[in-house]
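Chemist: model this:
(2 chains)
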Amino acid sequence: MTYREAVRQGLREALADDPRVFFMGEDIGPYGGAFAVSMGLLEEFGPERVRDTPLSESAFVGAGIGAALAGLRPIVEVMTVNFSLLALDQVVNNAAALRYMSGGQLHVPLVVRMATGGGRQLAAQHAHSLEVWYAHVPGVKAVAPATVADARSMLLRAVEDEDPVFVFEHATLYPREGELEDGDLPLGRAVVRRAGTDVTLISYGGTLWKAVEAAEKLSAEGIEAEVVDLRSLRPLDVETVLGSVAKTHRLVVADEGWRTGSIAGELGMQVVERGFDLLDWPPQRVCSAEVPMPYAKHLEDAALPSVERIVAAAKETLA
Amino acid sequence: VTVHSEAAPQLEREHALGLLHEMLRIRRFEEKAAELYSLGKIRGFLHLYIGEEASAVGVMQTLEAQDAIVATYRDHGHALARGLPMGALMAEMYGKANGCSRGRGGSMHFFDASRRFYGGYGIVGGGLPIAVGLALADKLQGRRHVTACFFGEGAAAEGEFHESLNLAALWRLPVLFLCENNLYAMGTALDRSEAQPDIHVHAQSYSVPGEVVDGMDVLAVEEAAARLARWVRAGEGPQFLELRTYRFRAHSMADPDLYRTKEEIARWQLRDPVATFIERLQAEGLLAEADLDALEAEVAAEIAEAVAVAESGPWEPVESLTTDVTGPQ
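Modeler: Just a heads-up that it's a prediction; the model follows:
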């Protein structure tokens, strides 16, 4: 099964299992979703529960918040993280704040899914990785499923959650094949994807697979890297990361966000704060170059984290 | 039978005194709040509704217990008219734990889930999408409720206003949009910020029936709101009411009010919704001097009690600073 089909399967189960769930977003109906995720759902569940919206990100994300306040479980699709900026007012000022600002009277069980990330030559308005902007905000959860199994199970967990959950699906993952075994991990938990002893590689989402490939290359050279999939960006499961660093004493974070103010920076700082004595080398990070994403393939490749840069960073820690 | 009668309705005494009582509660509560602000008991931003009382009071008469309300940062009047306990509001402005938002919201952010009072929103236009969603949920669940969404005319310049009107109309959602047009977006006059200053015309461009009412006349507001709310409740889709009103005080306590003339304010004060209603009731023989004294005394006692509730309320312990950011994990 593909990642795309797994997300669709999650949507289908959520809609089938709970009458409070409905799904809305741009072109999710007859078009089938900008990434073909929702193909067939309109026919299966009807136009009341699978609702095409106008190009009004702020209004339909806000309407999702309002519907959640009134007892429903909306799942909102925003086409890409770049487009989601039009709804950031609703996210930060309302979704994230209402539980707290109301003294705990209200809560917002809302799920917002969106595609994120580069690698498809879409230039500077369709290809950024802005997950960290959401992960910055108290009151929301931000998750990034990397596997086919997580694509389904994390969505279902998000729908069950009592707080707003933002699900970031790296756009290059949709055609990826994998097994759909039942995941039983909590939403906020990181997981070791590959065991190793020499260096810890942390990543999430689309970049996770570059870290896995880097680990295989390193293994061919006799270096055994442990790969940790963060899965959740807020909350951050620093315990699992520290557990791995306690074994390897070396840390590389691969994160498609821009370096300044990145998830990688936050994670590195938390590891230094809490596990300074565990480290034999300064934590390293592999992030996107600090440029708006370029169109040309060779430039985009140079801007994004690559397997080679992850390998080089890992070797640096072992120098 | 026409739904909209031009003839003045027979004014029933008990109802009229009820309207006056509600307006007086808001007026005197806010006068007290201003006084407490200068004493430093209330801090932050304090936006007074004085002059606009007829709007909240007239509209709220038409709403039922299960209807939803979305308000703005100028939310004292709406909260009081909706029946939130005055003591909980005063305590909230004091920042006390017995406040209606447990001291986390303050003057701008009153909430009461039990009364479906979904809060005062501090971002201009930010409450409109929320109202659309509340109405969508009611419609999808087959509940015949109205979501009353209050905002100022300044919101008409925000994208969220236009997106929300379109979405509500497109999906025929039960929202009663209530634009309290007090002519100034903070200090910017309407004709300096809107190419089309007739705000209800914007609504009509989204196929939302829109009309204008004298927001200084509580009876006119009540009549118009009741009529539009009936349409909304009947499933006819959203309706839009522009309430022409005026705030007698500055935008907030921090505003030196340099952008309006004293003459303009004085002119509007001739139309004071409370004073003119009192005059009307007296002229119609419905309000004796003793009645007014009794109402004022009742309101004064309620305010004294509210201040006592706020003064004696406990502070939220600092240990609870991070509770209710998210639910139990």
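Chemist: buried stuff in the helix or strand harbouring residue B:224?
Modeler: Under DSSP states H and E, the secondary-structure element containing residue B:224 is helix B:218-233. In terms of neighbour count (16 or more other Cβ atoms under 10 Å in any protein chain shown), helix B:218-233 has its buried residues at B:218-225, B:227-229, B:231-233. To be clear about C-beta, it is placed using only N, CA and C from the backbone, and glycine gets the same treatment.
Chemist: Are we agreed that residue A:168 is in a strand?
Modeler: Yes: checked against DSSP: H, G, I helix; E, B strand; the rest coil, residue A:168 lies within a strand.
Chemist: Show me where chain A has its helices.
Modeler: Per DSSP state H, chain A carries helices over the ranges A:3-17, A:41-45, A:57-69, A:81-84, A:88-89, A:98-101, A:131-135, A:148-160, A:208-220, A:238-248, A:263-275, A:297-303, A:307-317.
Chemist: on that earlier part again, counting by contacts, list what the helix holding residue B:224 packs against.
Modeler: With contacts defined as 3 or more Cβ pairs under 8 Å, 6 or more residues apart in numbering or on different chains; DSSP states H and E, the packing partners of helix B:218-233 are helix B:13-38, helix B:53-60, strand B:175-181, strand B:210-214, strand B:239-244, helix B:273-283.
Chemist: Centre of the chain to the helix or strand following the second one, how far?
Modeler: Read it as helix B:53-60. Counting by DSSP H and E, the next helix or strand C-terminal to helix B:53-60 is strand B:68-72. When C-alpha coordinates are averaged (Cα atoms, centre = their mean, to the nearest Å), strand B:68-72 and its chain have centres 8 Å apart.
Chemist: Run through who's touching strand B:68-72.
Modeler: By Cβ atoms under 8 Å, 6 or more residues apart in numbering or on different chains, the residues outside strand B:68-72 that reach it are A:70, B:63, B:78-79, B:82, B:110, B:115-122, B:124, B:127-128, B:130-131, B:134-135, B:138, B:145-152.
Chemist: sorry, back to before: now render the buried residues of helix B:218-233 as CSV, adding pLDDT and distance to residue B:195.
Modeler: Shown next, in CSV, are the buried residues of helix B:218-233 (pLDDT from 0 to 100; distance: Cβ to Cβ, whole Å):
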residue, pLDDT, distance to residue B:195
B:218, 98, 31
B:219, 97, 33
B:220, 98, 28
B:221, 98, 27
B:222, 98, 32
B:223, 97, 31
B:224, 98, 26
B:225, 98, 28
B:227, 97, 29
B:228, 98, 26
B:229, 98, 30
B:231, 97, 29
B:232, 98, 28
B:233, 98, 34
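Chemist: Out of those, which comes closest to residue B:182?
Modeler: The closest of these to residue B:182 turns out to be residue B:221 (Cβ to Cβ; 13.8 Å).
Chemist: For the closest one, give me its contacts.
Modeler: Counting by Cβ under 8 Å, 6+ apart, residue B:221 touches B:54-55, B:57-59, B:213-215, B:243.
Chemist: ok, now residue B:122?
Modeler: Under the criterion of Cβ under 8 Å, 6+ apart, the contact partners of residue B:122 comprise A:93, B:72-73, B:108-109.
Chemist: what residue is smack in the middle of the chain?
Modeler: Here I'm looking at chain A. The centroid of chain A falls nearest to residue A:144 when counting by Cα atoms, centre = their mean (1.9 Å).
Chemist: right idea, wrong chain: chain B
Modeler: Using Cα atoms, centre = their mean, the most central residue of chain B is residue B:78, at 3.5 Å.
Chemist: Show me what from the stretch 151-300 of chain B comes close to chain A.
Modeler: Residues of the stretch 151-300 of chain B found near chain A (Cβ under 8 Å from any Cβ of the partner chain) are B:159-160, B:163-164, B:166-167, B:170-171.
Chemist: Can I get stretch A:264-277 as PDB, trimmed to CA atoms?
Modeler: Only the C-alpha atoms of stretch A:264-277 are listed here, as PDB (Å, rounded to 0.1, in the frame of the first residue of the first chain):
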ATOM      1  CA  ALA A 264      17.100  20.600  14.700                       C
ATOM      2  CA  GLY A 265      18.200  23.600  16.700                       C
ATOM      3  CA  GLU A 266      15.600  23.100  19.400                       C
ATOM      4  CA  LEU A 267      16.400  19.400  19.700                       C
ATOM      5  CA  GLY A 268      20.200  20.000  19.800                       C
ATOM      6  CA  MET A 269      19.700  22.500  22.500                       C
ATOM      7  CA  GLN A 270      17.500  20.300  24.600                       C
ATOM      8  CA  VAL A 271      20.000  17.400  24.300                       C
ATOM      9  CA  VAL A 272      22.800  19.800  25.400                       C
ATOM     10  CA  GLU A 273      20.700  21.100  28.300                       C
ATOM     11  CA  ARG A 274      19.800  17.700  29.600                       C
ATOM     12  CA  GLY A 275      22.500  15.400  28.200                       C
ATOM     13  CA  PHE A 276      25.700  17.400  27.900                       C
ATOM     14  CA  ASP A 277      27.700  14.700  29.700                       C
END
